[in-house]
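J.: The amino acid sequence is not available; the structure is as follows:
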């Protein structure tokens with residue numbers, strides 16, 4: 001340690017052209033690790049490794065702190081990282097030379113930027129992997145017009161300004177040279193940024209989200225084509241030679257290399273990954289090696305390394321096994337550690353004091369703001385042209401104005417290449433922060449996809465016609481959900497007079513891709529298939545069930561791939577579009593046959609809670625304990641069921657009883673219904689109580705002539721008596737049906753616990769108790785959606801009751817179809833024929 005020199009590094013400015021100076025740093029190459037030099041009086045910040053670690057620690061705490069304060073304003077992590085970088089950079093804390101030289105010395109800054117660029121390269125590779133290029137081929141006229149106009153209109157407005165203002169206003173040479181590139185930069189709307197924004201706002205798989213995704217893909221193609229021409233022709237003009245024009249030739253060569261050499265190698269690796277198993281270490285290292293080769297070749301051929309890895313990622317299939325595996329292994333490192341460093345370097349590089357003011361600054365800012373105005377106007381009026389609702393058009397236009405990681409990286413690249421100077425760079429970043437921040441805040445308040453589900457007439461079993469088909473939307477998260485769902489469909493007793501239409505929605509978490517999927521499985525359409533995938537196996541079971549009941553059951557299969565945070569949007573959209581009577585969702589816990597919890601998925605619970613709140617029809621949460629019957633028994637027609645129900649009264653219990661009433665004629669089902677009364681119960685004039693009496697008496701009258709139906713009335717004093725009755729019903733029960741909501745102040749439930757104390761309040765008081773490990777039977781918790789104002793409710797005898805006392809209204813489900821993208825892949829009507 002005694003040999004450490006007093007001067008560890010030196011720096012100076014070197015002129016590389018008439019208008020540019022660069023910092024030249026000289027330092028000892030061996031001074032990387034301090035290794036306890038502090039004890040010898042040596043500053044650890046004289047070594048590169050301690051400086052790098054201190055920089056990452058500071059980046060982490062600064063970005064998280066700013067993000068915490070911006071969270072109520074719905075701002076992105078990119079905005080927080082940029083603001084943190086600006087605060088730590090030359091504009092504020094960086095004015096203190098001692099602090100800036102200590103934490104961000106030129107030598108340490110070089111290492112940090114190199115690592116951040118490497119992380120950004122990997123990030124662009126992941127972006128490419130998660131991008132489905134086929135979305136562009138499926139874009140409809142609406143998306144084509146919105147996407148193209150959102151780029152070309154702001155580009156045209158900026159062009160008009162830069163060709164007219166310079167003749168009347170004196171501009172500096174740097175601004176005059178930078179204006180064409182500012183116009184092109186400001187017209188950008190990038191797919192990864194918009195997909196991330198929509199995911200953050202939980203509207204990725206909404207109508208607006210799908211339209212924005214398609215439109216952004218179109219805008220991306222337009223912008224990248226123009227930006228490539230600007231980068232080649234523009235650089236040729238600046239440097240007065242044609243050498244940059246070779247970039248186009250080398251770009252084509254790189255595409256050939258990627259498509260015909262690198263892509264086949266990765267696909268060959270993918271063939272050795274077993275279905276449903278994680279990517280092995282050898283496979284991952286092999287793909288990562290090809291990513292590095294792609295980045296190196298891209299740099300050598302005149303493009304950035306990130307561009308090369310993005311093209312390679314784009315050429316690979318998204319989703320599992322390649323896409324999901326790569327995202328799982330790389331995303332935390334890239335997004336959580338390395339990418340924030342890249343963004344904060346963008347903030348560190350900005351100096352607000354370089355904004356000099358004057359006519360040049362005003363013109364540059366006018367051009368930037370006109371870009372946002374042009375993009376907003378183009379998107380807004382194009383959306384209105386296709387009859388998108390007014391406020392949804394406003395929200396879509398605001399979404400298309402948002403910018404993020406890719407734009408910041410482009411600004412930094414153009415600044416490093418001398419295309420824009422520090423002043424234009426600062427103006428672009430500040431305007432981006434303001435516009436994107438305002439847009440995100442207003443979009444989060446303007447657009448709520450659940451408005452479509454708040455239908456004027458909500459469906460339920462009780463309000464459906466006695467001889468109408470029962471339209472059931474069943475949600476499947478994994479193959480373990482299938483047997484009990486099949487058993488429930490069999491118990492629903494499909495007949496010629498009361499057929500069942502089943503819509504099977506296979507739900508998958510969005511991993512390894514950016515765009516959500518909601519589409520019918522066209523390849524089967526009721527025919528068996530031999531493909532071994534999970535979706536095909538699920539289809540085969542339901543299709544075989546339908547084939548065993550020709551004319552009684554129809555089945556349609558759909559697949560939804562979405563984030564758990566917004567998966568309920570797809571479920572509610574399917575229920576609304578297919579006029580479903582009830583949605584069946586599996587409980588988030590799964591039990592073993594011996595009563596132990598085998599698995600629990602909090603994300604599925606979050607989905608169920610959202611469905612309960614927003615579904616346009618009745619909802620049933622199915623708690624599967626595997627005691628109903630086997631799938632083989634149902635498909636072979638040898639199944640038998642023991643159904644029990646506890647009736648306390650109320651809307652949800654009436655809906656549950658209406659469902660059980662459809663099961664009474666099944667030849668292999670025994671039903672037990674217990675009407676639980678309180679000893680303090682008195683005759684009530686409440687119309688809801690009258691409906692309870694009417695419905696339960698009607699069921700009692702029907703059960704008197706059917707010996708397989710057991711009906712009895714129990715009178716109890718309090719919740720202890722309710723528990724005793726439940727215990728008496730558990731021995732001879734395969735499926736227990738109960739309503740979700742019961743009056744918490746009723747003597748029958750008082751003492752079972754407050755809703756806020758329940759472990760699973762989405763099940764209600766009785767359902768939450770039945771979900772404990774003390775009971776072994778399966779449970780179906782039914783909720784009937786509460787009617788809205790002026791809503792017509794059908795009585796038990798088929799008559800209509802006007803709940804608001806108003807006039808009759810149209811009983812059709814109300815929703816606005818004009819906003820729907822031309823979704824050929826999603827069925828909107830009932831099935832054309834029975835399987």
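T.: That came through fine. Note that this is a predicted model, so its numbers are computed, not measured. Numbers count the residues shown, from 1 in each chain.
J.: Mean confidence (pLDDT) on stretch 600-613, please.
T.: Averaging pLDDT along stretch 600-613 yields 90.
J.: Quick one: residues in contact with it.
T.: Around stretch 600-613, the neighbours that count as contacts under CB atoms under 8 Å, 6 or more residues apart in numbering are 477, 507, 509, 564-565, 567-568, 571-572, 583, 585-590, 619, 621, 740, 760, 762, 783. Where C-beta positions appear, they are placed from N, C-alpha and C, glycine not excepted.
J.: Keep only those of these that are in helices.
T.: Residues of the contacts of stretch 600-613 located in helices (DSSP state H): 567, 568, 571, 572.
J.: State the distance from the last one to residue 458.
T.: For residue 572, the distance to residue 458 under the criterion CB to CB, to the nearest Å works out to 11 Å.
J.: These two: who's more crowded?
T.: residue 572 (26 against 22; other CB atoms under 10 Å).
J.: count of neighbours near the closest residue to the more buried one other than its chain neighbours?
T.: In space, and not counting its chain neighbours, residue 572 is closest to residue 453: 4.3 Å by CB to CB, 6 or more residues apart in numbering. By other CB under 10 Å, 24 other residues sit near residue 453.
J.: returning to that earlier point: in ChimeraX, how would I select just the buried ones from the contacts of stretch 600-613?
T.: Buried members of the contacts of stretch 600-613 can be picked out in ChimeraX with the line below, counting by 16 or more other CB atoms under 10 Å:
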select :477,507,564,565,567,568,571,572,583,585,586,587,588,589,590,619,621,740,760,762,783
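J.: what sits in contact with each of residue 572 and residue 458?
T.: Common neighbours of residue 572 and residue 458 (CB under 8 Å, 6+ apart) are residue 616.
J.: ok, back up a step: out of the contacts of stretch 600-613, name the ones that lie in strands.
T.: Within the contacts of stretch 600-613, residues falling in strands by DSSP state E are 507, 509, 583, 585, 586, 589, 590, 619, 621, 783.
J.: Verify the contact between the third one and residue 573 for me.
T.: No. Checked against CB atoms under 8 Å, the pair residue 583 and residue 573 is beyond contact range at 11.4 Å.
J.: quick one: which helix or strand includes residue 202?
T.: Using DSSP states H and E, no element contains residue 202; it sits outside every helix and strand.
J.: Now do the same contact list for it.
T.: 563, 565, 566.
J.: where in the stretch 651-800 of the chain is pLDDT low?
T.: Applying pLDDT under 70 to the stretch 651-800 of the chain flags the ranges 681-688, 751-757, 785-800.
J.: Strands of that one, start to end?
T.: 669-678, 709-716, 735-739, 778-783, 792-794, 800-802 (DSSP state E, counting those that start in this stretch).
J.: Adding distance to residue 579, write those out as a markdown table.
T.: Formatted as a markdown table, the strands of the stretch 651-800 of the chain follow (distance: least, CB to CB, whole Å):
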| stretch | distance to residue 579 |
| --- | --- |
| strand 669-678 | 27 |
| strand 709-716 | 30 |
| strand 735-739 | 23 |
| strand 778-783 | 18 |
| strand 792-794 | 15 |
| strand 800-802 | 18 |
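J.: Could you check those strands and tell me which one is nearest residue 521?
T.: strand 778-783 (26.1 Å; CB to CB).
J.: In terms of secondary structure, what does the closest one contact?
T.: Judged by 3 or more CB pairs under 8 Å, 6 or more residues apart in numbering; DSSP states H and E, the packing partners of strand 778-783 are strand 618-623, helix 651-661, strand 735-739, helix 764-770.
J.: Great, nothing more from me.
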